[in-house]
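# Coordinates only, no sequence provided:
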């Protein structure tokens, strides 16, 4: 075949799209890059199908016009990274062959090369070992081959051979592929498209679904995909990774003819991550199931079992995460509700406990507890449901992670200071569920104004306030308002700033560096300035913050 | 503002600049993104494509913590499907932060500051 016209090209597109569609699931299973979400095949299929539809609707004997329709369809339907790249490849191709009524081998090769060039222009930092690399290598061979070869079938053979070879090399270029033991999913998708092209040029039928050669590759992709799903050992639903082969025996298959689809359906009931591959003599099975025995019996209907391997994935996972607690007995008695919070200073801890906190983790500024600390605290309390109050914005994240992994009903009330924490705990309702409590406690925390006085550790200027080392800084709702060398002046200024006509309750918590006498003088000052407010004074014994002020 | 974590051995502080850098690197690996742009185009020069050391100008990290929001200012290649490129950037950024910092973020907002036309 020396040339193709628009109609033939449209046929090629249709066949390429069809072949890709048939194998989209397999492409999905390979998807680990750039994000292992297993949708590359689906996305490429949708993109290519959109391209093929537009081509079919606007088919013309003029090849340039047909390929314009293809690039338009691809652009409109582009989905996912590989879809966008596919659309760029054929946009360049279309641009290069725009004026051509028919295409010769060398023009076809030039089109592919131009497509690759176009595709590379749309990315700042191309990652090699992807569909881009496969397209590039294939196009380079196309140009080389077309210099001597005028037959399009021969050319397409050469292109496909190189595309497959390049695909095989992708794990060497992209470490994440090697790690998981798969080839690039987008590259594989492109190979399917090219396979469709070649089959069309040869006038051959394509197999319904190409047999996947490497079971190992599939298994490792399945495992990887499965691992993405859970972080906690308890989340493993099907605990045993089971692999075996069935060697068919005539006397058994006589009564029970083997049907791969039926067999797959039977196994599908028993677990997930199922893979079944078979030929005339053997079926190979991989499944994650809770009852490996059932899966084995199911296989035994058809013959004898060989190469059996069963692994306990919970044990494996526990070994990996070092999770000893999963085996331990949980406390026999459980309290229905717990409030776990974070604070510094004995006095504050007592205060929090006196109003309802179940556990106070020591921590705060410069000493943030980790997710693990929070998890341990919750486990120590042994509650059925838990509310976590971090009392510091830097701990919110750790608290949320703890809530995620703890495995019981949990919510975080994102309190940013001790006064907010106090207000939140007071709004707690033991009758309400976790979500409702979190909501009302968050609302309660939001109406409290927090003031804090602490010392500066270095010279700086923040929020327009010049600060010198050892100055006392006043922080009102997270914003520095004043810094002076005198604790008294700073605190009084903070009081003046924060308290307004509408406020009713003022709570002063003094730290370990302040005497009771000084604190009482401060209360007297507030009484003198603001007659309408009710004042409470606590000895928080907290370090670093001489005063914490709560106004509501 | 920074992200703080603590483990048995000590404390880890990750500055916003570092997060911006990680986000920036992940972004430019995305297909269709030809560059990061400054969020103050007028002040910093029109549609200037940022260099690596300036990624911070095109990445804004707000509200360290669970409701962290990230604003990204990018320039995309002409002829790509912009919505799809933006979506890819969002998912790549989410994934990368989860993987490298164990951090889940609230949202990734993409501002397409320009389209670069390659001479075709």
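It's in. These numbers were taken from a predicted model, which means no experiment stands behind them. Residues are numbered from 1 along each chain as shown, chains lettered A, B, ... in the order given.
# Please name the residues that touch the closest residue to chain A within chain B.
In chain B, the residue that lies nearest chain A is residue B:77 (3.0 Å; C-beta to the nearest C-beta). Backbone N, C-alpha and C define where each C-beta goes, glycine included. Residue B:77 makes contact with A:88, A:121, A:122, A:123, B:32, B:33, B:34, B:115, B:116, B:118, according to C-beta atoms under 8 Å, 6 or more residues apart in numbering or on different chains.
# Around chain A, pick out the residues from chain B.
For chain B, the residues in contact with chain A (C-beta under 8 Å from any C-beta of the partner chain) are B:3-7, B:11, B:28-35, B:64-67, B:76-81, B:84-85, B:88, B:91-92, B:94-95, B:102-104, B:118, B:120.
# Where in chain B is the helix or strand with the lowest mean pLDDT?
helix B:41-44 (a mean of 56; mean pLDDT, DSSP states H and E).
# next structured bit after that helix?
strand B:59-62 (DSSP states H and E).
# so what strands line up beside that next one?
Sheet pairing for strand B:59-62, assigned by DSSP bridges, gives strand B:69-77 (antiparallel).
# Tell me which residues of the strand it pairs with come out buried.
By neighbour count with 16 or more other C-beta atoms under 10 Å in any protein chain shown, strand B:69-77 contains the buried residues B:70, B:71, B:72, B:73, B:74, B:75, B:76, B:77.
# Stretch B:8-21 now?
Buried positions in stretch B:8-21, judged by neighbour count with 16+ other C-beta under 10 Å: B:14, B:16, B:18, B:19, B:20, B:21.
# can you check stretch A:20-40 too?
For stretch A:20-40, the neighbour count (16+ other C-beta under 10 Å) marks A:20-24, A:26-40 as buried.
# Just the ones of those in helices?
Judged by DSSP state H, the buried residues of stretch A:20-40 include A:20, A:21, A:22, A:24, A:26, A:27, A:28, A:29, A:30, A:40 as members of helices.
# so what pLDDT did the nearest residue to the second one once chain neighbours are set aside get?
Taking C-beta to C-beta, 6 or more residues apart in numbering or on different chains, and ignoring the residues beside it in sequence, residue A:21 has residue A:45 as its nearest neighbour in space, at 5.0 Å. The model reports residue A:45 with a pLDDT of 93.
# helix or strand right after the strand or helix carrying residue A:45?
Residue A:45 is part of helix A:40-57 when elements are defined by DSSP H and E. Sequence order places helix A:63-77 as the next helix or strand after helix A:40-57, per DSSP H and E.
# How about that following helix, which residues are buried there?
Of the residues in helix A:63-77, A:63-75, A:77 count as buried by neighbour count, 16+ other C-beta under 10 Å.
# any weak-confidence spans in chain B?
B:1-2, B:41-49, B:52-53, B:63-66, B:118-120 (pLDDT under 70).
# mind redoing it with 50?
Scanning chain B for pLDDT under 50 picks out the ranges B:46.
# what sits up against the top helix by length along it?
Looking across chain B with DSSP H, the single longest helix is helix B:82-101. The contact list for helix B:82-101, computed with C-beta under 8 Å, 6+ apart, reads A:34-37, A:78-81, A:83-84, B:3, B:14, B:19, B:22-23, B:26-27, B:29-33, B:70, B:72, B:74, B:76, B:103-105, B:108, B:110, B:112, B:115.
# Return the set of buried residues in it.
Residues B:82, B:84-94, B:96-97, B:101 are the ones in helix B:82-101 that count as buried (16+ other C-beta under 10 Å).
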